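>>> here is my input, please return the structure:
(2 chains)
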Amino acid sequence: MSLDEIKIGGLGASRRRVEDNRFIRGKGNYVDDVVLPGMLHMEILRSPIAHARIRSIDVSGAWAIPGVRLVLTGEMMAARNLAWMPTLSYDTQAVLATDKVRFQGQEVACVIADDPYIAKDGCEAIVVDYEPLPPIVNPTQAMAPGAPLIRDDKVNQNDNVIFDWEVGDRDGTDRAFAEADVVSEIDMHYPRSHPSPIEACGSIADFDRSTSKLTVYMTTQAPHIIRAAVSLVAEIPEHMIRIIAPDLGGGFGNKVPVYPGYVASILASILLERPVKWIEDKSGNLISTGFGRDVYLKGQMALRNDGKILGVRMHTDSDHGAFFSDAQPSKFKIGLMHSAFACYDIPNAHLTARGVYTNKAPGGVAYRCSFRVTEAMYFQERMVQAAADDLGMDQAQFRRVNLVRDDDFPHRTPFGFLTDSGQYEKCLDIGLEAIGYEQFLADKEEAAKRGRLLGIGISTMTEPLGAGNSREYDILGIKMFDSAELRVHMTGKAILRTGAKTQGQGHETTWAQIVAHELGIPADDIVVEEGDTDTAPFGMGTYASRSTPVAGAAVAMVSRKIRAKARKIAAHLLEVSEEDIEWELGRFHVRGAPDRGVTIQECAMAAYSNVPDGLEPGLENNAYYDPPNLTWPFACYIATVEVDPETGVWDVLRVVAVDDCGVRINPMIVEGQIMGGLTEAYAMANMQFITFDEDGNCVGSNYMDYLLPTAWETPGFELHEVVTPCPHHPIGAKGIGECATVGGPAAFVNAVMDALKGTGVRNIDMPLLPDRVHEALTLRHDVSGAPPVKGG
Amino acid sequence: MTSLFEEVTPSSGDDIPTTRVELNLNGERRAANVEPRLLLAHLIRNGFRLTGTHTGCDTTNCGACTVLYDGQPVKSCTMFAVQANGHEVTTVEGMATASELHPVQEGFKDEHGLQCGFCTPGMMLSAKALLDENPNPTEDEVRWALSGNLCRCTGYQNIVKAVLWAAQKMRGEIPGDPDVSADAGEES
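I've put the predicted structure just below:
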């Protein structure tokens, strides 16, 4: 009688993705695929120099090219009060440079023309006279006495320091260190990296003078925040702005901020009263848009001889580039760095953090992570391995001694977060069993006798995903909650809209599964739409693995509101009181008489044709969900490697992942997220970083210099799962999209460092390029820490 | 490409002469007058309005713009449109017939071989070219054949599975599907 939830595509079904039907036919609709009548094309002229005063800009050459319609410079922007715009971290950022350029790739002028080739010709015809200034490419230089002042545009900014921040218990931590048997120390750099979705950024601004309405197609993960930002920056009433995020070719945090290109295309459209399309090229994307990481750490751990961690000290120096435009909750200056050590039972911890300006691109976006959590967990797991080594203790056993136990929840972390659920040791056990830990240690010893270097690395971590709650999490004062709106039509079919924005995560598939689970409407009968601010309810968008924890919860809650109303209708149709109605998936029946029932579809029809007196017609509702806490998934990643001592090249032998993200809505999609994340983890450990030479030239401005792993070098992954439902999420789910990117890098680096154990090398900074490994092995020293290894 | 009216850029006196290109695009004869510097990817996307061919990197690295050129995978962002004159070009839009998907397309959906979908058309065309030459590839051969196409979402494992699935199907073996009962989203 009862519906089979898997058959209707409900919770737990590996439902094939509905969005794939267009993508596999080449019928996706990305920003560059949108063509509007009369549309013009914009290109950006960027600074070739990292730090320079602009003496003059001569745009006459561009104007002379037939087909050029407009040339925008900082001076023209300034005349409209648009030369600078606010960032998401209460700083300002130049839209087009007026006084100085502050990083290589900074936007200097824009040319709008009939086609993109002419616009590029126009950019090449502009002559800019630069007076070079000394560039600053790392925090050490930025904080040196007498360092050139990068932000001389800011009143009261007399040095290059952006913030000096601390969190935790300084005195308690000092006492812990005083009682320690052993103090373990390590210096590290988490290098600058770029999220680099294959699709770069772009926009099409379309201002219609007759209606005063501005429509902008935009590569954005957070369309509603952008609408508010555009309203404030461009002084256009918010109801006259429509932001449409069409299909996004990946995001990974890169498409959260507001970029100068968006703003310039909007102004150009207003001035020309025609649609203006801006499509960034890959080089522009890599050198100017939101990067991730670039943090130096000094870490110390107070240890007891039996392996117990008594306290942790962390100091970070972070490089934010020329403008502080981190996308993160307002009150946390270095994101959620202080979520470090959340999975360990540690009584005391203290973090000091200093952020500086440099002559590098701004950003500090959460690159596939929840606001600096990637750095936090990497530092944590590298410190843990170094501490185990310093104590001469097995790295798995050291973790076992310190992991929070299953019966210790809720658990207050050393920096004050509240974790609520998990089976940490079980995940570790499954991982060790799967990799064959004991056997590998024996094999490693055997191989060492023949001069081969094998290593095994473990990374265990819980991370905070799903900002907010709104008490603690806001961006520029806007509370971090999310939303869903569900309209059930009279034939029982439905449309669902949310304030999130999918970029490949498969919301069109999985949100329908939540509705199917709550209402018994087959998932195929529900269409999901996101990304259009004129139709979607207000939400904060998709990043920080927050869609399932927040918007996904809103989908469940709005479905329950619909069910509550349908119950009243069912009582009316069955002529019994509401209290005598029972719910089974997809159907109400009379208590004690299961044959007397009505389906949810029959209730939907009645909502439009036979409503009881006193009840509003229709079956539509919305929900705004403010989570009581973050969700805390747990993961154990284990990698084994072999290092070639002759060349420094290391090969991955196996990768085992054990993820506990609570209840899985669509196991196929969850596994896809984990494998994608592991690949980015491997990339950062092995090859992927953006660095700068001493002149501030970006090394990594294209895919020939910025290496991303291909199918050839990417290892295979073996996935395992544990399910500890989230106690406060309506369907028990936790975030998952970023776990492997966050926890994965340390597993690879720990494995290489394990292979090097006994050589005296304590750390090599990522990426573990062959020359770095070779240098460390040959010269028996660390290749790590500040000042930077090479360049920035 | 015939139209009664086409607005052109006003003459500057030193206009670049256009060249006529005639090619077979997805089995259909198409022609256009193009500037010699126009890239093939832009002719396909902006000229013929087939937007399934994506441009990702402009430097021949990412492979999102991969099309088949006389059956061989090429990166259309680094070929001039004029080079296609007299040749056959197949894009993602040419893979499926009106009623039937190509097995590679089916495989990508069935094995969750895509997430954001941006690399997918190029990836599928590289896979098709491989399977046209080698109907029974090993996993290593698939990985090598796809190594000119970057994906940031999937980690490649499911892409490889998708291609092996398609190979099996093209050989007339029906691939096993452990999740068949869960396929509520499958098309009929």
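>>> and residue A:583, what does it touch?
Residue A:583 makes contact with A:563, A:567 under the criterion CB atoms under 8 Å, 6 or more residues apart in numbering or on different chains. All C-beta spots, glycine's among them, are computed from the backbone N, C-alpha and C.
>>> any idea of the mean pLDDT for the host helix or strand of it?
Under the criterion DSSP states H and E, the helix or strand holding residue A:583 is strand A:581-584. On average, the pLDDT along strand A:581-584 is 97.
>>> how about stretch A:664-682?
Averaging pLDDT residue by residue across stretch A:664-682 gives 98.
>>> and if you look at stretch A:328-340?
If you average the pLDDT values across stretch A:328-340, you get 91.
>>> gap between the two ends of it?
Taking CA to CA, to the nearest Å, the span from the opening residue of stretch A:328-340 to its closing residue is 16 Å.
>>> quick one, phi/psi of the closest residue to chain B within the stretch 351-500 of chain A?
Closest contact between the stretch 351-500 of chain A and chain B, by CB to the nearest CB, is at residue A:368 (9.4 Å). Dihedral angles phi and psi of residue A:368 (degrees, to the nearest 10) take the values phi 50, psi 50.
>>> same check on residue A:578?
Main-chain dihedrals, residue A:578, degrees, to the nearest 10: phi -60, psi -30.
>>> residues in contact with it?
A:567, A:568, A:571.
>>> by contact count, what packs against the helix or strand hosting residue A:231?
Secondary-structure assignment from DSSP H and E places residue A:231 in helix A:223-234. Secondary structure elements in contact with helix A:223-234, counted by 3 or more CB pairs under 8 Å, 6 or more residues apart in numbering or on different chains; DSSP states H and E, are strand A:84-86, strand A:213-218, strand A:241-244, helix A:260-272.
>>> now mean neighbour count too, for the ones you listed, in TSV please.
As requested, those are arranged in TSV below (neighbours: other CB atoms under 10 Å in any protein chain shown):
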stretch	mean neighbour count
strand A:84-86	19
strand A:213-218	24
strand A:241-244	21
helix A:260-272	23
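>>> nearest to chain B, out of the ones you listed?
When these are ranked by proximity to chain B, the top entry is strand A:213-218, at 13.5 Å, counting by CB to the nearest CB.
>>> can you give me the end-to-end span of stretch A:581-598?
When the termini of stretch A:581-598 are compared using CA to CA, they are 10 Å apart.
>>> buried sites along it?
Residues of stretch A:581-598 classed as buried by neighbour count (16 or more other CB atoms under 10 Å in any protein chain shown): A:581, A:582, A:583, A:585, A:586, A:587, A:588, A:589, A:590, A:597, A:598.
>>> distance to residue A:759 added to those, as TSV?
Below are the buried residues of stretch A:581-598 laid out as TSV (distance: CB to CB, whole Å):
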residue	distance to residue A:759
A:581	71
A:582	68
A:583	64
A:585	60
A:586	63
A:587	67
A:588	69
A:589	71
A:590	75
A:597	72
A:598	73
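>>> show me which pair in those is furthest apart.
The span of these, defined through CB to CB, is set by A:585 and A:590 at 16.7 Å.
>>> next to chain B in this structure, residues from the stretch 451-600 of chain A, please.
Among all residues of the stretch 451-600 of chain A, those adjacent to chain B (criterion: CB under 8 Å from any CB of the partner chain) are A:503, A:504, A:505, A:506, A:509, A:522, A:523, A:524.
>>> hmm, 7 Å instead?
Neighbours of chain B within the stretch 451-600 of chain A, by CB under 7 Å from any CB of the partner chain: A:503, A:504, A:509, A:522, A:523, A:524.
>>> looking at those, which are in strands?
Here DSSP state E is the test, and those give no hits in strands at all.
>>> out of those residues, which one sits closest to residue A:551?
Using CB to CB, those come closest to residue A:551 at residue A:503, 13.3 Å.
>>> which pLDDT value belongs to that closest one?
Looking at residue A:503, its pLDDT is 96.
>>> that one: neighbour count?
The local packing count at residue A:503 equals 33, with neighbours defined by other CB atoms under 10 Å in any protein chain shown.
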